[in-house]
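Novice: Only the shape, not the letters, is given here:
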């Protein structure tokens, strides 16, 4: 049975899911049209594929350590399903790499231990966002999630806010240095809004972009219902669940800021979406319904791939 297979976290689960993702990743380059004008080099693609696999493993690691959901393969399954459903985004290798570091920052926040120097965790989380911003400058907005983490943990802790400030300065120094190395001038690293192009419905193609927007709206509603109906019932997990929702909301904001120019921004929503999907599937009591939903989920990547080729 499919549900019993993914209710475990065995080496075979990792092998099946990661192999499926690896094959889907590389096949997409040969069968799908490329969305970027400047195609990334092969070494960047190789790095992106490796980090994408590590991202899936990281999702499992976060679930095991934070216990936001039950420890099984469902979060990994839904991450792979969502990623493969938007296989057209795989060619945006810089964003794949940036997403990996944003996930690391989420791990630092979600698995925060207030008794063991939280200021250092906040700094590390911010530093991960800063490294990701080297590949996607606009991902720097996820520093707001770190700020929310500081506020939710202990808003009166001066050391935590100072750690966030130090990380912010480090982030801008990294961006400025990277821009200078690339010959774009040191101030380009500070001009993050050059990538902003507000959502323009005149260029909006419902056939192409409607699916992306529908995905975001659906999971934002799930997050809203999740926090209202379940948030206070999950003892000790209110802050992690709210932080996951913050990452989803920031992705929506970033998607709006970028408009339709770079829809791969949706990639940042994969992690909160897979957690929400796993939570709701786990709470389905009837095994038959759970089996049906899992089968439909596994079919979605193939359906979207066929539609993309039409």
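Specialist: Looks like it arrived, so ask away. Computed from a predicted structure; not experimentally measured.
Novice: contacts and neighbour counts: CA atoms only from here.
Specialist: OK.
Novice: shaky segments in the stretch 151-300 of the chain?
Specialist: Per-residue confidence for the stretch 151-300 of the chain (pLDDT under 70) gives these ranges: 178-180, 182-210, 228-237, 259-260.
Novice: mind listing the helices for it?
Specialist: In the stretch 151-300 of the chain, the segments counted as helices under DSSP state H, counting those that start in this stretch are 158-181, 206-229, 238-258, 270-282, 287-309.
Novice: Report all helices and strands that the last one contacts.
Specialist: Secondary structure elements in contact with helix 287-309, counted by 3 or more CA pairs under 8 Å, 6 or more residues apart in numbering; DSSP states H and E, are helix 2-6, helix 74-85.
Novice: Touching it from outside, list them.
Specialist: Residues from elsewhere that reach helix 287-309 (CA atoms under 8 Å, 6 or more residues apart in numbering): 1-3, 31-32, 78, 81-82, 84-87, 281, 284.
Novice: repeat for the fourth one
Specialist: For helix 270-282, contacts defined as CA under 8 Å, 6+ apart pick out 59, 68-70, 74-76, 78-79, 82-83, 103, 219, 222-223, 226, 244-245, 247-248, 290, 293.
Novice: Write the ChimeraX selection for whichever of the residues you listed are buried.
Specialist: In ChimeraX, a selection of the buried entries from the contacts of helix 270-282 looks like this (16 or more other CA atoms under 10 Å):
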select :59,68,69,74,75,76,78,79,82,83,103,219,222,223,226,244,245,247,248,290
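Novice: Now which of the contacts of helix 287-309 would you call buried?
Specialist: Neighbour counting by 16+ other CA under 10 Å classes 3, 32, 78, 81, 82, 84, 85, 86, 87, 281 among the contacts of helix 287-309 as buried.
Novice: coming back round to it: indicate which one of the helices of the stretch 151-300 of the chain is closest to residue 116.
Specialist: Nearest to residue 116 among these is helix 158-181; the distance by CA to CA comes to 12.3 Å.
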